[in-house]
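Participant: coords below, sequence missing:
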């Protein structure tokens with residue numbers, strides 16, 4: 001063996017020394033990079049200065065006219081409780097299920113992380129989480145639910161800060177008062193009231209376990225939604241409490257045997273959500289934005305709402321496919337403007353777009369009553385003769401699809417049969433700006449272009465305003481503002497708003513209102529709206545737009561005004577559906593049900609009552625000729 005010279009180092013020593021230096025450099029760079037990352041995330045943490053403030057959307061409870069629940073909006077918070085005020089079972093159930101080492105870890109639980117990691121690895125998917133209650137509080141209060149490494153780092157730093165800033169009891173207390181527990185509830189007290197009709201001060205062992213079980217999946221384990229899943233989850237929480245030594249097995253078995261009585265929570269009405277959304281959009285105008293919880297009593301009649309939903313659903317299910325009609329809307333209101341029913345589409349769960357209040361569509365001939373009213377105000381009379389013949393205005397020639405003209409007829413018959421050339425002539429005699437003024441005066445709020453084509457309903461309106469504009473005919477000449485809010489109270493029961501009556505005042509003279517009722521009754525009696533006939537005095541008007549894209553019927557009795565629209569969201573044509581067919585039939589079906597318990601009353605008549613208008617038979621026409629007549633903006 002050769003002798004090693006002095007100062008000569010072995011190759012192994014040099015390698016070992018190099019490795020040591022590499023490790024030191026690696027640790028140094030790791031410390032530098034780690035410090036930089038820590039510093040970056042520490043500097044970009046969210047503001048924690050308002051931790052104790054509860055930020056939430058004020059809740060709004062929307063009630064029908066009879067006080068039954070329609071729906072709720074916003075967040076429902078209970079009373080903040082200390083741990084000593086809560087049922088002793090609640091904190092125990094939460095700790096046993098969510099974070100059994102809560103009182104021993106420093107905000108992060110390494111043991112829990114390892115356990116969850118092994119369980120997830122064995123299952124091949126995420127079956128357990130390693131987050132502590134402190135981490136969950138940090139995420140709920142300050143962060144978004146996104147799944148990312150950056151969010152997890154911030155969550156960890158915030159958890160460490162919370163553990164440094166607060167005691168364990170304070171952290172648990174804040175968590176229990178702020179955590180989301182389903183059905184719009186935040187905090188254990190709100191959940192106890194929502195599910196069991198009592199304060200979290202008095203929840204039993206079983207009820208406390210049920211509330212703790214919601215933390216994993218608030219919707220899935222909601223006891224009012226799926227009692228079987230909720231019961232199985234509650235049993236698991238009770239088993240966790242036994243395993244953790246917090247209750248005995250006998251106590252757990254007794255709790256399961258005793259069970260819990262759910263609070264009698266009235267179901268919300270999905271079909272009325274279109275109406276409820278319409279109401280919610282108006283709340284700031286009536287109650288301000290003071291952040292108060294509100295209870296809103298509305299004008300909705302639950303019976304009429306159910307009848308309206310049934311009428312639209314039956315039409316779309318039975319006739320929709322063959323008629324190429326996929327959507328419908330219905331609005332009904334009192335003659336004073338109180339909205340009693342609103343259907344904004346075939347299914348709110350599929351589409352929240354409100355076709356009754358938000359859709360702007362051409363009304364077609366359903367606009368003609370305003371044209372004829374302007375004509376009467378200009379001095380025309382129902383018996384005045386007009387001629388249905390070709391006319392040309394510049395480059396525009398209003399015509400009918402049949403290409404046939406009916407010759408001489410009265411003004412009243414022109415409205416009853418929805419003759420386009422007569423409507424245009426009336427608009428010319430009245431002045432198109434006077435037609436616009438009459439429509440706006442009666443309640444049409446949408447912009448209308450002062451063009452003669454407006455006489456055939458080319459301006460766009462929504463169903464709510466169109467129905468409201470017919471109300472002055474039903475009530476004898478008083479303008480109405482459609483409304484749905486009767487009263488608003490805050491959480492302390494104080495009246496914030498109460499409707500005491502308001503409107504546009506008189507917009508038609510009683511004489512002209514009576515005359516219009518005579519003419520619009522003829523539409524149902526022997527005109528285009530015969531499918532809408534009721535066993536009581538009624539009047540109305542059909543409407544169909546170009547290429548049969550929209551079909552309308554708006555009509556009224558002395559007590560109720562209602563309108564129906566049928567069509568398609570993409571504005572595609574229907575299968576030649578006119579306002580006198582499916583819409584009039586749907587309107588009749590609804591009105592028969594809606595008025596069955598209402599005394600029969602006559603429509604307002606002119607004072608003194610005028611002689612009944614008898615329309616002259618059109619020249620050179622067969623008995624069934626009008627049955628097959630369609631206008632450019634059909635009947």
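Facilitator: Arrived safely, thanks for sending. The model shown is predicted, which means the values in this text are computed figures rather than measured ones.

Participant: Against residue 325, how distant is the nearest residue to residue 529 once chain neighbours are set aside?
Facilitator: Distances taken as Cβ to Cβ, 6 or more residues apart in numbering put residue 523 closest to residue 529, at 4.4 Å, once the chain neighbours are dropped. (Glycine included, C-beta is placed from N, CA and C.) Remark: distance between residue 523 and residue 325 (Cβ to Cβ, to the nearest Å) = 22 Å.

Participant: just residue 260 next, same as before
Facilitator: 48 Å.

Participant: Equivalent analysis for residue 295, please.
Facilitator: Separation of residue 295 from residue 325 (Cβ to Cβ): 38 Å.

Participant: So which of those two has more stuff around it?
Facilitator: Taking other Cβ atoms under 10 Å, residue 295 and residue 325 do not tie; residue 325 has more neighbours (22 against 18).

Participant: Would you verify that the more buried one is located in a helix?
Facilitator: No - according to DSSP: H, G, I helix; E, B strand; the rest coil, residue 325 belongs to no helix; its state is coil.

Participant: give the contact list for it.
Facilitator: Neighbouring residues of residue 325 by Cβ atoms under 8 Å, 6 or more residues apart in numbering: 315-316, 319, 551, 566-568, 574-575, 577, 582.

Participant: who wins for neighbours among those residues?
Facilitator: Of the contacts of residue 325, with other Cβ under 10 Å as the count, residue 551 tops at 31 neighbours.

Participant: show me where the stretch 401-550 of the chain has helices.
Facilitator: 411-416, 420-430, 432-442, 463-475, 510-526 (DSSP state H, counting those that start in this stretch).

Participant: which residues touch the second one?
Facilitator: The contact list for helix 420-430 (Cβ under 8 Å, 6+ apart) reads 365, 368, 371-372, 374-375, 377-378, 380, 386, 388-391, 393, 398-400, 405, 409, 411, 414-415, 435, 452, 454-456, 631-633.

Participant: So which of these sit within strands?
Facilitator: Cross-referencing the contacts of helix 420-430 against strands under DSSP state E gives 386, 388, 409.

Participant: So for the residue lying closest to the second one once chain neighbours are set aside, what's the pLDDT?
Facilitator: By that I understand residue 388. Among residues not flanking residue 388 along the chain, residue 406 sits closest, at 4.3 Å (Cβ to Cβ, 6+ apart). For residue 406, the model assigns a pLDDT of 91.

Participant: tell me which of the contacts of residue 325 is nearest to residue 186?
Facilitator: Nearest to residue 186 among these, counting by Cβ to Cβ, is residue 316 at 38.6 Å.

Participant: so who does the closest one touch?
Facilitator: Contact analysis of residue 316 by Cβ under 8 Å, 6+ apart lists 325-328, 346.

Participant: Of those residues, which is the most crowded?
Facilitator: Among these, residue 328 has more neighbours than the rest - 25 neighbours, counting by other Cβ under 10 Å.

Participant: returning to what we had before: format the helices of the stretch 401-550 of the chain as a markdown table; extra columns: mean neighbour count.
Facilitator: Shown next, in a markdown table, are those (neighbours: other Cβ atoms under 10 Å):
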| stretch | mean neighbour count |
| --- | --- |
| helix 411-416 | 27 |
| helix 420-430 | 24 |
| helix 432-442 | 20 |
| helix 463-475 | 26 |
| helix 510-526 | 22 |
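
Participant: which two from the contacts of residue 316 end up farthest apart in space?
Facilitator: Greatest spatial distance in these: 325 and 346, 9.8 Å, computed using Cβ to Cβ.

Participant: residues near the closest residue in space to residue 507 that isn't next to it in sequence, how many?
Facilitator: Closest residue to residue 507 apart from its sequence neighbours, by Cβ to Cβ, 6+ apart: residue 479 at 3.9 Å. Number of residues near residue 479 (other Cβ under 10 Å) recorded here: 19.

Participant: so what pLDDT did residue 479 get?
Facilitator: Looking at residue 479, its pLDDT stands at 97.

Participant: before we move on, what about residue 217?
Facilitator: Reported pLDDT for residue 217: 89.

Participant: What values do phi and psi take at it?
Facilitator: Per-residue torsions, residue 217: phi -160, psi 90 (degrees, to the nearest 10).

Participant: What about it, how many residues nearby?
Facilitator: 12.

Participant: Selection in PyMOL covering whichever of the contacts of helix 420-430 are buried, please.
Facilitator: To isolate the buried members of those in PyMOL, using 16 or more other Cβ atoms under 10 Å:
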select buried, resi 365+368+371+372+374+375+377+380+386+388+391+398+399+400+405+409+411+414+415+435+452+454+455+456+631+632+633
